[in-house]
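Asker: this is the structure alone, sequence omitted:
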């Protein structure tokens, strides 16, 4: 019950801090015989990599992944796959302020309360750097579920949503916001840049859709597909909310409106709607699995904020150094990785129990 | 990694179907020496019990809990606590229709897709009856965290919210809706009754607050307090969304607005706001832990709905028999129970790692 | 990580004390669609049932198992299977002596040291009664591995071994000692009866062979098939040693002697020996899986023994009441049940990872 | 339920193959604030390191451990501790024979049967190289249990036992066999060297004693201290048997002989014997915890042995290259490490449940 692991049959454990020599993930339980090389994982890391536009942190990290075990002659052996990413750009700076006072909204105070002290360099373990390890693990998970196509994109920044009518999945990779709507991307370029210049930060909503998930993955209770997705997403830094399908909107529907009617289809049933987001009773229905995730604005802001010191005295603090003006943007590839990890795990679990 | 268990150190496993002889929970890892009798658990089951008003299912179940193990001379022994609740009112009816066709929105089709067949009597394992076992387990968990006060209430039914200005916690137990706002309760009485008479159903939002949680419970990643809460809540039947603190609203704030400023207090720090819902970096901050949960309208409705048979032919189906017009109402005690179970588990985990 | 559960995909949790109203097991992760009724489980419980000869405790327990969930229309549904066995013959007696002083060799002192107090009636949770729950769970596990044939028998009592040359598996069920050697059974009848009359107790060794296990079940490290078997067997009350294949004898062989030579066979390889006990590198080889388990003499003896009271004063204690003069005898069906549970779990794990 | 992890609260996961670039362990759940540097771990790795005498494999590995995470300013942070050891001396050789045919006694065939192929270089994941990762993790575990003193030593090689009357713990580190008996070490020098020159191999028995374990660690069932020790030891490469206390010898005692009598002592009870090996009912009694482990002779021998090819044809094979003539010798530090890991885990578990 390692608290730094996730998954059941396909299980990964991550390690590493923002300013340590490296970070990584150990992926256990991967089926044998899958073709795997660094080149299969790197593109996902590149998508999440910082410093690619002025809208993300300027920390320069190649995030080059190395496979240290579990692969032989280009195929997975079924033994643990150790993935390592070296930290390159740990800019030496003066951390004395952060060491002595708590940044509101950050985990600084909670860490001290739990552990008695903390690695204050760049947030230590609570840094979004850790998500690189998840994304690498997710690259392995995708090989386990070739039948599934996962797409993640930003649907809202600072309350400014995309136009669903203008949804264009091809657009997602054409802009630095993973926006499926060019007009929204243009507006966000202005709002995010303004926040950046003001030393402020913005929140965002990421949506993720998995197509091709067959009916039958998941379990009725506790090990529910949606419960595991909720844990997976809420476990990402800065995430404060998760919904499946219509989510909160479903609470405003009647039973008639919410029922996903069924009709005979060429290959099994066809559904006339997908309010359920592809999951009923914790088990996939064969419809697209739809998850929506809310990212809070990063707490690293240049405006001085009231806080206290480790000694308990009142003070003000402002976060110097590099940070994401909208961490939710880079959340898109992370959400996609967690979706892949949960689905791959449940594919194996289903095969284990039901053959 | 039982899929019908939840928790790490304080771990419970539930069993039972809607129309089986009984259902129950086995609670393992409970600290020894705690005073425990059926009388400590029954009140929580009574709060969730159906048939107490016309706004819930008319199924009459005493939901009397029996403790079969783990207690000696009135105190917990530290060994597994087996809790059993007999099913009394399994009305014999004709299930042939449900057996042959899938109820849209229900888990019928997903179960068949996964397991090849299903116990179709009253929803079998996917029935909300199962939540009685969680509530019983939650009664044990509350004894593990006497320092914590948990309150759960309904904040919205069918999109009609309470008036936060009129919030009155004493009101919660005075009305059949767990509403902290008498005026809202009065409005809901009409809307829920109308839905009941129309054979329709409504969704609801439940909020749960835990006061007295000390700073330091939880873990930075994966085993995060908020991730476990998300899994716990999404694992409840009919739940489609979970948020911590401001949740989705946090995605519309700036970093300045979202930062919970700190000031020296008499006993440790005082926070000037609680946007974070009492959790930062997966660890409790000492503020109230706030969770919000969306319940979809139950899929059991009297209106005929398009569906297919097990054989794949088109047909219509309407759900006969007893059901909750708004299952979210009875969700309040269930959400509170899951909150207690997660917090008790993390209290023990924290003590285990950090002493 | 419940400490009263065992298994990974096929996972069971047991509960109950010697003198409580009942005991039971919840079996989770069972594949769906298996034909299951009480009649499939009862024969295994009957084999382990006490009071069938003068060589076991005279406690009279029908050990009638009830299935409370997880089965519908005679087939497993894939949801938790709750098995309950009522305690019938909890003879009321005076426990004041056991309550006040520790029986050497028993868990009395260890329980008090851990939990601060204990259910002293008949050993509470540490009673061999608990093994009834494992045997019931094992009855379910056997249905998961129809390809495997499991045989367990006693090979030694009080240092008096069977004659391997006279091994006759048909004999096992013909005598009250699960002895595959009639002559040994006759000798044991005398030695065990003498121990019984003297209020003494004897140790025993149980051997268990599983035939039909295909090559490939298990895992290289930690989740090794032999490691799980070792935990399963050492987890049985009164067990003090476990060996796989030649076990300790293998430590006295040379590499040449220990190598299980291979030759082409009609269906896959044929092995010219089975020193390994059917497991290499934690994975089954297709040979019979062989485990040997040592049971200590039960600590319940009528001879007064030096001990201390809960208050720390010196005293003597003798165990009154009913007990097994050789608890290892009834260990045979328990060992077989644990073998079935471990193998069924690894069959599902292998299918999950490797398809 | 990663199959390459071990432990519950203090949980470690190992990765790496014999001929990969590196191997390592991730230790999760370590208490915060413990002083830790590579220097605390290296001595244990050095004790296990090969190439230090002609009695172990001549592979030259510095086995220098690097701490990549979880430590800040010389103290554990409570986050995952990533330990990495680079493989230096992977001698390039011709593996075509091992690639094509199965070495009897090795895991070659079992791996192919499970995974469809294998990393045949130096045994891949099944190589004893992996034990370096455990020993490194064990070095961390020892910091968690400063109250415990662990000693492991070889008691028997090829059936030639030490003289218990001559037991001298100071001797253990004075000879290359971890022998507590100088005379036995002298005899073993001859027998092991003879086996080495003959290209043969020998088995051994390792005993491990943990002093200072307080009463109360462990759990009554399944999560028993002895069951976890059994799994830990049987999970070590080449181990075929485990016993606690008197082990198999206990099966030859009467209840009177086996009872560890108790008398009042200065600090709590004093036991007049320790047949139980410090564990009763799965819980520590405060006596020394005693475990004995049997290592088979390594299957790498120079004598040609009958076997089959991957294609199923009959052939002979002899293992070329470097190997341990008696792998059990280097098993002593590995057994000690596993003892430390199990005890540290149960210390935290006990603190978690019982405070």
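Answerer: Done, it's in. What you see is a predicted model, and the numbers here were worked out from it, not measured in a lab.
Asker: please name the nearest non-neighbouring residue to the one residue in chain A that gets nearest to chain C.
Answerer: In chain A, the residue that lies nearest chain C is residue A:352 (2.7 Å; CB to the nearest CB). To be clear about C-beta, it is placed using only N, CA and C from the backbone, and glycine gets the same treatment. Distances taken as CB to CB, 6 or more residues apart in numbering or on different chains put residue C:352 closest to residue A:352, at 2.7 Å, once the chain neighbours are dropped.
Asker: what sits against the one you found?
Answerer: With CB atoms under 8 Å, 6 or more residues apart in numbering or on different chains as the criterion, the residues that contact residue C:352 are A:9, A:348, A:349, A:351, A:352, A:353, C:9.
Asker: helix/strand/coil for the fifth one?
Answerer: Residue A:352 falls in the helix class when you classify it by DSSP: H, G, I helix; E, B strand; the rest coil.
Asker: coming back round to it: want to throw the contacts of residue C:352 into CSV with distance to residue B:211?
Answerer: Shown next, in CSV, are the contacts of residue C:352 (distance: CB to CB, whole Å):
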residue, distance to residue B:211
A:9, 38
A:348, 41
A:349, 37
A:351, 44
A:352, 42
A:353, 40
C:9, 39
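Asker: report the buried residues of the helix or strand harbouring residue A:193.
Answerer: Counting by DSSP states H and E, the element that carries residue A:193 is helix A:182-197. Of all the residues in helix A:182-197, those buried under the rule 16 or more other CB atoms under 10 Å in any protein chain shown are A:184, A:185, A:187, A:188, A:189, A:191, A:192, A:195, A:196.
Asker: any idea how far the residue nearest to residue A:352 is from chain B?
Answerer: Here residue C:352 is placed at a distance of 11 Å from chain B (CB to the nearest CB, to the nearest Å).
Asker: next one: residue A:286
Answerer: 7 Å.
Asker: shaky segments in chain A?
Answerer: Applying pLDDT under 70 to chain A flags the ranges A:1-2, A:91-92, A:321-322.
Asker: residue B:113 is in contact with residue A:216, correct?
Answerer: Yes - checked against CB atoms under 8 Å, the pair residue A:216 and residue B:113 is within contact range at 4.2 Å.
Asker: and the contacts of stretch A:29-44?
Answerer: When contacts are taken as CB under 8 Å, 6+ apart, the neighbours of stretch A:29-44 outside the stretch itself are A:7, A:9-11, A:64-67, A:70-71, A:74-78, A:81, A:83, A:135-136, A:138-140, A:142-144, A:333, A:336-337, A:348, C:353-355, D:2-3, D:114-117.
Asker: on that earlier part again, which helix or strand lies directly C-terminal to the helix holding residue A:193?
Answerer: Heading C-terminal from helix A:182-197, the first helix or strand you meet, by DSSP H and E, is strand A:204-211.
Asker: relative to helix A:182-197, how tilted is that next one?
Answerer: Relative orientation of strand A:204-211 versus helix A:182-197 (axes from the mean of the first three to the mean of the last three CA atoms, to 10 degrees): 140 degrees.
Asker: could you check how far strand A:204-211 is from the centre of its chain?
Answerer: 10 Å (CA atoms, centre = their mean, to the nearest Å).
Asker: what packs against the helix holding residue A:193?
Answerer: Using 3 or more CB pairs under 8 Å, 6 or more residues apart in numbering or on different chains; DSSP states H and E as the contact criterion, the secondary-structure elements in contact with helix A:182-197 are strand A:149-157, strand A:160-161.
Asker: listing partners with orientation, what would you give for the shortest one?
Answerer: The partner list of strand A:160-161 in its sheet, established with DSSP bridges, is strand A:149-157 (antiparallel).
Asker: pull out the buried positions in the strand it pairs with.
Answerer: Buried residues in strand A:149-157, defined by neighbour count with 16+ other CB under 10 Å: A:150, A:151, A:152, A:153, A:154, A:155, A:156, A:157.
Asker: one step back: and of the buried residues of helix A:182-197, the nearest to residue A:260?
Answerer: The closest of the buried residues of helix A:182-197 to residue A:260 turns out to be residue A:184 (CB to CB; 28.0 Å).
Asker: contacting residues around the nearest residue in space to residue A:273 that is not next to it in sequence?
Answerer: Taking CB to CB, 6+ apart as the measure, residue A:273 lies nearest to residue A:260, with 4.7 Å between them; neighbours along the chain are not counted. Residues in contact with residue A:260 (CB under 8 Å, 6+ apart) are A:271, A:272, A:273, A:274, A:275, A:276, A:285, A:287, B:104, B:105.
Asker: residue A:260 and residue B:126, how far apart?
Answerer: 16 Å (CB to CB, to the nearest Å).
Asker: over to residue A:210?
Answerer: 22 Å.
Asker: got it, and residue A:177?
Answerer: If you measure residue A:177 against residue B:126 using CB to CB, the figure is 39 Å.
Asker: quick one: buried residues of stretch A:162-172?
Answerer: Applying a neighbour-count criterion of 16+ other CB under 10 Å, one finds A:162, A:171, A:172 buried in stretch A:162-172.
Asker: does residue A:138 really touch residue A:336, like I thought?
Answerer: Yes - because the distance of 6.9 Å satisfies CB under 8 Å, residue A:138 is recorded as touching residue A:336.
Asker: more crowded one of these two?
Answerer: residue A:138 (29 against 26; other CB atoms under 10 Å in any protein chain shown).
Asker: SS state for that one?
Answerer: Under three-state DSSP, the three-state class of residue A:138 is helix.
Asker: now it, nearest residue through space, not along the chain?
Answerer: residue A:337 (2.6 Å).
Asker: relative to strand A:149-157, how tilted is the strand or helix carrying the one you found?
Answerer: With the criterion set as DSSP H and E, the secondary-structure element containing residue A:337 is helix A:331-354. Angular relation of helix A:331-354 and strand A:149-157 on a 0 to 180 degree scale: 140 degrees, by the same axes, to 10 degrees.
Asker: ok now helix A:331-354, how far from the chain's centre?
Answerer: Its chain's C-alpha centre lies 13 Å from the corresponding centre of helix A:331-354 when counted by CA atoms, centre = their mean.
Asker: got the residues of the stretch 151-300 of chain A near chain D?
Answerer: Contacts of the stretch 151-300 of chain A with chain D, taken as CB under 8 Å from any CB of the partner chain, are absent.
Asker: what about the strands in the stretch 151-300 of chain A?
Answerer: With strands called from DSSP state E, counting those that start in this stretch, the stretch 151-300 of chain A shows them at A:160-161, A:204-211, A:239-244, A:262-264, A:269-271, A:279-280, A:283-284, A:289-295.
Asker: whether the last one contacts chain B - can you check?
Answerer: Going back to what we said before, that points to strand A:289-295. Yes - with CB under 8 Å from any CB as the threshold, strand A:289-295 lies in contact with chain B, specifically through A:294, A:295.
Asker: strand partners of the next helix or strand after that strand, parallel vs antiparallel please.
Answerer: For strand A:289-295, the succeeding helix or strand toward the C-terminus, using DSSP H and E, is strand A:305-308. Each strand that strand A:305-308 pairs with, and the sense of that pairing, follows from DSSP bridges: strand A:314-317 (antiparallel).
Asker: now that residue A:153 has come up, it's in contact with residue A:207, right?
Answerer: Yes - under the criterion of CB under 8 Å, residue A:153 makes contact with residue A:207 at 6.1 Å.
Asker: contacting residues for residue A:350?
Answerer: For residue A:350, counting by CB under 8 Å, 6+ apart, the contacting residues are A:216, A:217, A:218, B:114.
Asker: need these in JSON lines with neighbour count, can you?
Answerer: Below are those laid out as JSON lines (neighbours: other CB atoms under 10 Å in any protein chain shown):
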{"residue": "A:216", "neighbour count": "22"}
{"residue": "A:217", "neighbour count": "31"}
{"residue": "A:218", "neighbour count": "31"}
{"residue": "B:114", "neighbour count": "26"}
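Asker: about what we covered before: so which of the contacts of stretch A:29-44 are in strands?
Answerer: Counting by DSSP state E, the members of the contacts of stretch A:29-44 that fall within strands are A:11, A:65, A:66, A:67, A:71, A:75, A:76, A:81, A:83.
Asker: before I go, just wanted to say thanks for your time.
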